[in-house]
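Q: Fold the following and give me the result.
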Amino acid sequence: MTAKKQASALNVLDPLKTAGYPAGTPMAVALSGGADSVALLHLMRACQGLVAVHVHHGIRADEADRDADFCRALCAELHIPFYLLHVNAPAVASETGESLETAARDARYEAISALMHEKSIPVLLTAHHADDQLETMLQHLLRGSGTRGLCGIPACRALGEGQVVVRPLLGVPKSALLTYLQEQGLTFVTDSTNEEICCQRNFLRLRVLPLLQELQPNAPLMAARCAEALTGDEQYLDSLAADFLAREGNTPTRQALLALPRPVLVRVLRRLLPEPPSAKHTEAICAMLQGTRQSATLSLPQRVTLQLRRGRVSVIKREAGVPPCVALLRADALGKLSDLPNGIAILGTPSVSEQEALTARYAYHATAGIDRAALVGELHARTRKAGDVILSGHMHKTVRRLGCLSHLLPAVRARMPLLCDDDGIVAIPFGPTRDGVAKNADLTVHFYFN
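A: Numbers count the residues shown, from 1 in each chain. This is a model prediction of the structure:
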């Protein structure tokens, strides 16, 4: 039986199809030498551009050296390129204060991602299987997780820039992999720490799963089926949250948020906030929205403040060292921007990643179209001054009293950037542009501020 037919018989996912990459895209297998990863490597052995990566974590002494030697020999036998990487997991754990298991996992993925970047390999395959899925779902259940946690391990997730991790074996139980290894005459190594009840996952694997399988021999497959169904539900609910923010923007109205079903509201908050809110913080946010106060603020983790002002909700990220405002113009803009008080002004075209970074740092982002031919003298950016007016609709309007800025706190309006030329104010974020300036716009201005 060919490798492709063997994979199909075991219900192994097509990794490139799962990740959305064309056939022939290079892939790397994370090879520990254990039963799961050996089975995965053997099943994928005919794939074009396949390599294997083994990480030596600097723990388990001679046993770790044995594992590395075994992986090297296996890859030589299968004629698959092999890379051995070294990380010092104990040193990482000591520096970060994380558990040794967490430090080893994070260091492993970081080292593999760096190698993949160097070798232009976008897809990493790991050997998580249906039993691992069941263990993960039980862990999340014990933590009180919602649908997102009960989805378990995703079949595909982002790793680094332009890189993904794919788990082709999520629908395959451990027993089927062991049978496959036996039929193929394949050997593997065993990590002795896997037999120690030293953490919750090992307790579930060694004590709980055998009991569950006495009740339901196909428990891992049932869990995989459940995770797949829950993942579909989660993706649908998350798409509703994405559609809501596409309509409302990042400063939705209180009324629109209150009209959402609770499951969609929770997912909107996940998208708005830098990290998913806990159940306690979600309740506090709902209480703020349902209250009678017209203005309110709520402090959240990660230096975040949720602000309710004039019926709109905004997220303010209090990032240390981040200037309060930025005005950003295209590279071919006329003139030169001056520095903003307590902020910066940038002349240049940002890359996509730079714009994403600015969007992550600043609560407010607005754009304005400018006709360069209508400008007078040089452009500059500054914050508001007493008596500032802008010519709009054939009238000079006081900037401080513009109704379109009412959703901003007075302190925010005072420090937001204004675009000016030698004849006065040219454009205001979320506000008007000067009469005649936007008619034949050939210059785009981006305003970012907190």
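Q: For the rest of this, base every contact and every neighbour count on C-alpha atoms.
A: Fine.
Q: Ramachandran angles for the residue most central in space within the chain?
A: In the chain, the residue lying closest to the centroid (C-alpha atoms, centre = their mean) is A158, at 7.5 Å. Here is the backbone geometry of A158 (degrees, to the nearest 10): phi -70, psi 150.
Q: Contacts only, for it.
A: Neighbouring residues of A158 by C-alpha atoms under 8 Å, 6 or more residues apart in numbering: 164-165.
Q: Got the confidence number for it?
A: A158 is assigned a pLDDT of 90 by the prediction.
Q: got it, and the one 3 residues further on?
A: If you check E161, the pLDDT there is 83.
Q: Which parts of the stretch 151-300 of the chain are helices?
A: 174-184, 200-203, 209-215, 219-248, 254-258, 262-272, 279-290 (DSSP state H, counting those that start in this stretch).
Q: tell me the most buried of those?
A: Most buried of the helices of the stretch 151-300 of the chain by mean neighbour count (mean count of other C-alpha atoms under 10 Å) is helix 262-272; its value is a mean of 19.
Q: tell me what that one is packed against?
A: When contacts are defined as 3 or more C-alpha pairs under 8 Å, 6 or more residues apart in numbering; DSSP states H and E, helix 262-272 sits against helix 219-248.
Q: The helix it packs on packs against which elements?
A: Helix 219-248 sits against helix 130-142, helix 147-150, helix 262-272, with contacts defined as 3+ C-alpha pairs under 8 Å, 6+ apart.
Q: Same list (those) but as CSV, adding distance to P90 and mean pLDDT.
A: Listed next are the helices and strands packed on helix 219-248 as CSV, based on distance: least, C-alpha to C-alpha, whole Å; pLDDT from 0 to 100:
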stretch, distance to P90, mean pLDDT
helix 130-142, 24, 93
helix 147-150, 29, 88
helix 262-272, 33, 94
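Q: Distance to P432 for those - can I get that in TSV?
A: Compiled in TSV, those are given as follows (distance: least, C-alpha to C-alpha, whole Å):
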stretch	distance to P432
helix 130-142	50
helix 147-150	42
helix 262-272	27
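Q: Quick check: which of those is nearest to L245?
A: helix 262-272 (7.3 Å; C-alpha to C-alpha).
Q: For L124, which of the helices and strands packed on helix 219-248 is the nearest?
A: The nearest among these, by C-alpha to C-alpha, is helix 130-142 at 17.7 Å.
Q: following the helix or strand harbouring R413, which helix or strand shows up next?
A: Using DSSP states H and E, R413 sits in helix 410-415. Heading C-terminal from helix 410-415, the first helix or strand you meet, by DSSP H and E, is strand 418-421.
Q: among the helices of the stretch 151-300 of the chain, where is the model least confident on average?
A: helix 200-203 - the lowest mean pLDDT of the helices of the stretch 151-300 of the chain, at a mean of 86.
Q: Check the offset of it from the chain's centre.
A: Distance of helix 200-203 from its chain centroid, counting by C-alpha atoms, centre = their mean, to the nearest Å, is 27 Å.
Q: So what touches it?
A: Here helix 200-203 has contacts from 135-136, 139, 194-197, using C-alpha under 8 Å, 6+ apart.
Q: change it to 10 Å
A: 132, 135-136, 138-139, 193-197, 207-209 (C-alpha atoms under 10 Å, 6 or more residues apart in numbering).
Q: buried subset of the residues you listed?
A: By neighbour count, with 16 or more other C-alpha atoms under 10 Å, these hold 132, 135-136, 138-139, 209 as buried.
Q: and which of those residues is nearest L177?
A: Once C-alpha to C-alpha is applied, the member of these that ends up nearest L177 is D132, at 12.6 Å.
Q: Alright, calling it a day.
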